[in-house]
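A.B. asks: Structure for the following, please:
(2 chains)
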Amino acid sequence: GDSVTQMEGPVTLSEEAFLTINCTYTATGYPSLFWYVQYPGEGLQLLLKATKADDKGSNKGFEATYRKETTSFHLEKGSVQVSDSAVYFCALSLGASNTGKLIFGQGTTLQVKP
Amino acid sequence: NAGVTQTPKFRILKIGQSMTLQCTQDMNHNYMYWYRQDPGMGLKLIYYSVGAGITDKGEVPNGYNVSRSTTEDFPLRLELAAPSQTSVYFCASSYSPARTVNQETQYFGPGTRLLVL
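C.D. replies: Below you'll find the model as predicted:
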């Protein structure tokens, strides 16, 4: 079935380090791909998205490229800040569905230390 | 513009009790969703609605019921609470024109933390 797999956390980095959080997916059809972020005590909010192969989503210094050949959507940031500490979720929306249902990965906790 | 609001923020239930989790959105979104988030896990879809009067089951609907009498409100009902329903519940909404594939961004509420003892 359709699924999303993220790298295990927690990920602990020093401020200004480079971040990569891996995400791979299995899906029929042509899904849209999303990264959502959850700050402590809050709901999820969209970080970035890509709707077709080779699209690059970007926001707040984060980037992810939709790679159909490797079924991946890895999240990257060149220089993390303490304020980026949060849980990051990769998700897909099935292209063949008209309901917008999201399938989430298990989430990756990022902790950035000063 | 409040977005998606959920009440209560936190609740403790005894086994067998019932309760309704409230969700309201003021963005005139046609799609609404209920998810649950268990510790260390991603979100799983409980129920969803594509418009007023229309609801359907998601991945984990057992033990829950929903209704959608208005565009704004999408309450989630737990009839006989069980410890397995201890979780954080998130409501979300999105807008997509009718008869198109919905791949739009979902907007989430702050969540309701439920503890069943």
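
A.B. asks: Tell me the pLDDT of the residue nearest the centre of chain B.
C.D. replies: Chain B has B:Trp34 as the residue nearest its centroid, 2.5 Å off, counting by C-alpha atoms, centre = their mean. Per-residue pLDDT puts B:Trp34 at 97.

A.B. asks: Ok, A:Gly100 next?
C.D. replies: At A:Gly100, the model reports a pLDDT of 76.

A.B. asks: Check A:Leu13 too.
C.D. replies: 97.

A.B. asks: same thing with B:Ser96?
C.D. replies: At B:Ser96, pLDDT is 80.

A.B. asks: Would you check that it makes contact with A:Gly100?
C.D. replies: Yes - assessed by C-beta atoms under 8 Å, B:Ser96 is found in contact with A:Gly100 at 6.2 Å. No exception for glycine: its C-beta is placed from N, CA and C like everyone else's.

A.B. asks: Comparing those two, which shows the higher neighbour count?
C.D. replies: Higher neighbour count among B:Ser96 and A:Gly100: A:Gly100, with 24 against 17, using other C-beta atoms under 10 Å in any protein chain shown.

A.B. asks: Quick check: the more buried one touching B:Ser94?
C.D. replies: Yes - between A:Gly100 and B:Ser94 there is a contact at 5.4 Å, judged by C-beta under 8 Å.

A.B. asks: which residues are common contacts for these two?
C.D. replies: B:31, B:33, B:102, B:104, B:106 (C-beta atoms under 8 Å, 6 or more residues apart in numbering or on different chains).

A.B. asks: Right, I'll leave it there.
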